[in-house]
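Participant: Sequence and predicted structure, then a few things I'm wondering about:
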Amino acid sequence: MICPFSSEKKRSIVALDSPDRPGRVCVYLKGAPEMIINHCNGVMAGERRIADLDSTERQSIISKVSQMACEPLRVMGLAFMEMDEAEWMRYESGPNAAINLEKQLENGEQLFTWIGAFGLKDPLRANVSKCVKYARDQGHLSIRLISGDHIETAKQVAIKAGILRPEEAGRSYAVMTGAQFRELVGGLTQQKGELGNGVE
């Protein structure tokens, strides 16, 4: 079973047969670290060894993720859990398997072990800065960035692209997430391919 990436939940799910433990299934979460870690109560502490994910370790992970995001890197978190194949079949055989698994995740009934985070370089295209400068200087436009990425990654990319000047980066709403933007403009909703303000 695969639950594709959800922009709302900022994660995806995939399940695989355990390669070295017959009769066991490994379920992996991948996505925004700040979302993935919320589903974890353990952390890998060496090969095949799992430690409790206490508040100190959790804060250390979040801090390291923020440092990576400032480089800027697109940071992805990875976590896993194992269950018996018979238990997994309850999800896979039912018509609402993915929905049931998602419900258990949201209710905290299935907890994962944090594996780690990795950062991807996503360089700007060569002409982005020139286009932004032209729009800003010649078009007299005020440009802002709305992103689904980690807010620090978005901020650094916006500075590199010329969307933000370094002295503007600390201003409120200079960079915001999609969720923040939707909240500010009244909760835009999408129906039949059209955007509305959610007000009758």
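Facilitator: Alright, I've got the coordinates.
Participant: Quick check, central residue of the chain?
Facilitator: Centroid-nearest residue in the chain, with CA atoms, centre = their mean: residue 32, separated by 2.1 Å.
Participant: excluding its backbone neighbours, what's nearest it?
Facilitator: Among residues not flanking residue 32 along the chain, residue 10 sits closest, at 3.9 Å (CB to CB, 6 or more residues apart in numbering). Where you see a C-beta, it was placed from the backbone N, CA and C, and this is true even at glycine.
Participant: Report the contact partners of the nearest residue in space to residue 121 that is not next to it in sequence.
Facilitator: Distances taken as CB to CB, 6+ apart place residue 73 nearest to residue 121, at 6.3 Å, with adjacent residues excluded. By CB atoms under 8 Å, 6 or more residues apart in numbering, the residues touching residue 73 are 119, 120, 121, 122, 153.
Participant: Starting from the helix ranked longest in the chain, tell me the next helix or strand along the chain.
Facilitator: Ranked by residue count, the top helix of the chain under DSSP state H comes out as helix 55-69. Next along the chain after helix 55-69, taking DSSP states H and E as the criterion, comes strand 74-84.
Participant: That next one: which residues count as buried?
Facilitator: Under the neighbour-count criterion of 16 or more other CB atoms under 10 Å, strand 74-84 has 74, 75, 76, 77, 78, 79, 80, 81, 83 buried.
Participant: Can you give me the pLDDT of residue 92?
Facilitator: Residue 92 carries a pLDDT value of 64.
Participant: can you map out the strands along this protein?
Facilitator: Secondary structure of the chain (DSSP state E): strands located at 2-6, 11-17, 24-31, 40-44, 50-52, 74-84, 112-120, 145-147, 175-177, 189-191, 194-196.
Participant: For the residue nearest to residue 32, give its distance to residue 104.
Facilitator: Relative to residue 104, residue 10 is positioned 18 Å away (CB to CB, to the nearest Å).
Participant: Which one of those two is surrounded by more residues?
Facilitator: Between residue 10 and residue 104, counted using other CB atoms under 10 Å, the more crowded position is residue 10 (19 against 13).
Participant: what's the neighbour count on the nearest residue to residue 2 once chain neighbours are set aside?
Facilitator: Closest residue to residue 2 apart from its sequence neighbours, by CB to CB, 6+ apart: residue 14 at 5.0 Å. When counting by other CB under 10 Å, one arrives at 14 neighbours for residue 14.
Participant: And for the one 3 residues further on?
Facilitator: The local packing count at residue 17 equals 12, with neighbours defined by other CB under 10 Å.
Participant: Specify the beta-bridge partners of the residue nearest to it when sequence neighbours are not counted.
Facilitator: Distances taken as CB to CB, 6+ apart place residue 25 nearest to residue 17, at 6.1 Å, with adjacent residues excluded. On the basis of DSSP bridges, residue 25 is bridged to residue 17, residue 83.
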